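[1] Only the shape, not the letters, is given here:
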């Protein structure tokens with residue numbers, strides 16, 4: 001067996017301990033979100049509120065998540081990853097208890113916003129800690145980590161149903177207490193301590209006041225696009241995002257988000273792939289259930305069960321993503337997964353235009369789940385491998401923002417197109433409207449294939465990019481000769497091996513006086 005395969009199999013037990021503790025945050029937030037989502041009807045009855053009002057229990061939580069997300073990179077640099085993770089977990093657990101003690105719908109909404117503020121940082125912190133702990137094994141580790149996170153939406157409805165049938169609604173939130181306490185204890189014991197000096201980078205207040213509201217308004221506007229206020233908030237979010245981008249380009253590394261990361265070919269390709277795959281995942285989760293409910297005539301509960309094969313395909317594939325990436329490489333695994341997801345979406349064109357079949361639906365969803373799960377992990381691993389260790393917090397924040405924008409963007413595109421086609425239902429059947437929407441979804445999957453083809457071939461090519469010898473670069477050779485006279489290391493001026501900041505730091509050394517013909 002090749003040597004690199006043996007190295008692939010060996011992984012320090014301490015890595016698994018740190019990763020297992022880290023993933024508890026994502027699992028708990030996914031479980032909590034699913035439990036609450038499926039219980040909104042019961043909460044409206046128990047708290048004597050309308051469904052429109054109680055919907056803000058979910059909406060307020062999601063908007064608070066988006067509000068806090070841009071702060072992740074700066075807070076990690078100032079506080080430290082482990083300490084910030086413990087603070088967020090304590091805040092999430094405490095706010096869960098406060099939710100259970102709510103006395104009205106308004107108080108519950110307020111406490112859910114607090115829960116979202118602390119929970120908004122748990123997902124990017126989990127990614128960051130996994131990236132630091134796993135290193136070159138991130139593809140393999142992320143494949144296993146995704147499985148318990150996927151179990152949250154599967155276990156959530158079962159847990160919520162049992163609680164509402166046999167107990168009080170307050171236990172929907174109190175179940176977070178024992179899990180949260182256990183996670184806090186384990187994190188204190190097994191997560192590695194934060195080493196190194198804290199960053200003294202000043203807080204970009206203007207960037208925060210433009211980016212965070214822009215994300216919140218974008219999510220709100222995308223969800224209310226059929227109303228005038230939704231259009232207004234969406235346009236306002238675009239203006240705020242444009243303002244932030246203009247300022248961030250000027251600020252560079254001093255900004256809240258360093259947009260210079262996206263100038264890297266690998267990072268930008270990975271970000272585009274993450275944006276597209278996350279958007280297609282959310283768009284499919286909106287479009288396919290709508291087709292089953294409106295056109296096929298399935299009940300909401302039956303629709304939920306019919307979507308299960310897609311989750312099953314993901315659960316079966318994620319543990320093998322590491323092995324597949326080892327054999328096929330980053331580009332091969334992601335592009336093949338994108339192609340499989342495209343093939344799993346094509347049958348919906350037949351189902352909506354010809355004849356509905358449960359067997360074809362189940363197989364198509366299972367294949368689509370296999371494909372979608374093989375795209376994300378290799379691409380995000382390539383993104384982390386393309387940045388320096390000190391840039392990981394900023395890279396994590398940037399990628400999470402891209403993912404959050406991808407979901408509502410492509411969902412809004414598909415939902416708007418569906419609404420436009422259904423508006424003319426008097427002249428065409430509803431099946432024809434959904435057929436056109438699935439054609440649009442397949443077209444977007446083609447974009448995903450093209451984005452995945454831009455990824456690097458292997459992870460090793462990202463970590464150790466080929467560099468030409470210095471003597472073959474005329475510019476570096478001339479600069480190296482100048483450096484020798486100045487007493488500066490010649491590698492300082494090698495533009496392919498060092499960043500601008502490193503070169504500037506290296507130049508801050510005492511200079512030798514130049515030899516002069518007039519000196520004694």
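    The structure has been received and is ready for your questions. In this text, all values refer to a predicted model and were calculated from it rather than measured experimentally.

[2] In the stretch 301-450 of the chain, where is pLDDT below threshold?
    301, 424-428 (pLDDT under 70).

[3] I should have written the stretch 101-250 of the chain there, sorry.
    195-200.

[4] run the last query once more with 50
    Low-confidence segments of the stretch 101-250 of the chain, defined by pLDDT under 50: none present.

[5] can you list the domains in this structure?
    15-191, 204-255, 262-466, 471-507 (automatic domain parsing).

[6] I'd like these written out as CSV, with mean neighbour count added.
    Every residue, glycine included, has its C-beta placed from N, CA and C. Converted to CSV, these look like this (neighbours: other Cβ atoms under 10 Å):
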stretch, mean neighbour count
domain 15-191, 19
domain 204-255, 17
domain 262-466, 20
domain 471-507, 14
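
[7] list the helices and strands the helix or strand where residue 111 lies packs on?
    Counting by DSSP states H and E, the element that carries residue 111 is helix 105-119. Applying 3 or more Cβ pairs under 8 Å, 6 or more residues apart in numbering; DSSP states H and E, we find helix 105-119 packed against helix 13-37, helix 40-46, helix 51-54, helix 56-68, helix 81-100.

[8] and the angle for the top helix by length along the chain with helix 56-68?
    Secondary structure of the chain read by DSSP state H shows that its longest helix is helix 392-423. Relative orientation of helix 392-423 versus helix 56-68 (axes from the mean of the first three to the mean of the last three Cα atoms, to 10 degrees): 140 degrees.

[9] just how off-centre is helix 392-423 within its chain?
    11 Å (Cα atoms, centre = their mean, to the nearest Å).

[10] and if you look at stretch 385-394?
    The mean C-alpha position of stretch 385-394 is separated from the chain mean by 16 Å, Cα atoms, centre = their mean.

[11] Kindly check the end-to-end length of that stretch for me.
    The first residue of stretch 385-394 is 13 Å away from its last residue (Cα to Cα, to the nearest Å).

[12] Please enumerate residues in contact with that stretch?
    72-73, 76-77, 81, 128, 131-132, 136, 138, 257-258, 261, 264, 266-267, 270, 384, 395, 459, 462-463, 499 (Cβ atoms under 8 Å, 6 or more residues apart in numbering).

[13] Helices of the stretch 351-500 of the chain, start to end?
    In the stretch 351-500 of the chain, the helices defined using DSSP state H, counting those that start in this stretch lie at 358-385, 392-423, 430-452, 459-463, 474-486, 500-507.

[14] which strands and helices sit next to the fourth one?
    Packed against helix 459-463 by the contact rule (3+ Cβ pairs under 8 Å, 6+ apart) you find helix 321-345, helix 358-385.

[15] ok, and what's touching that helix?
    136, 139, 266, 325, 329-330, 381-382, 385-386, 456.

[16] Recalculate using a threshold of 6 Å.
    266, 330, 382, 385-386, 456 (Cβ atoms under 6 Å, 6 or more residues apart in numbering).

[17] Could you check how far the helix holding residue 111 is from the centre of its chain?
    Taking mean C-alpha positions (Cα atoms, centre = their mean), helix 105-119 and its chain are 22 Å apart.

[18] Between the two ends of stretch 162-182, how far is it?
    Stretch 162-182 end-to-end distance (Cα to Cα) = 22 Å.

[19] Arrange the helices of the stretch 351-500 of the chain in JSON lines, one row each, with distance to residue 228 as further columns.
    What follows is the helices of the stretch 351-500 of the chain, written out as JSON lines (distance: least, Cβ to Cβ, whole Å):
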{"stretch": "helix 358-385", "distance to residue 228": "35"}
{"stretch": "helix 392-423", "distance to residue 228": "15"}
{"stretch": "helix 430-452", "distance to residue 228": "24"}
{"stretch": "helix 459-463", "distance to residue 228": "47"}
{"stretch": "helix 474-486", "distance to residue 228": "57"}
{"stretch": "helix 500-507", "distance to residue 228": "47"}
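
[20] of all those, which lies closest to residue 112?
    In terms of Cβ to Cβ, the element of these nearest to residue 112 is helix 392-423, at 18.1 Å.

[21] can you give me the angle the closest one makes with helix 358-385?
    150 degrees.
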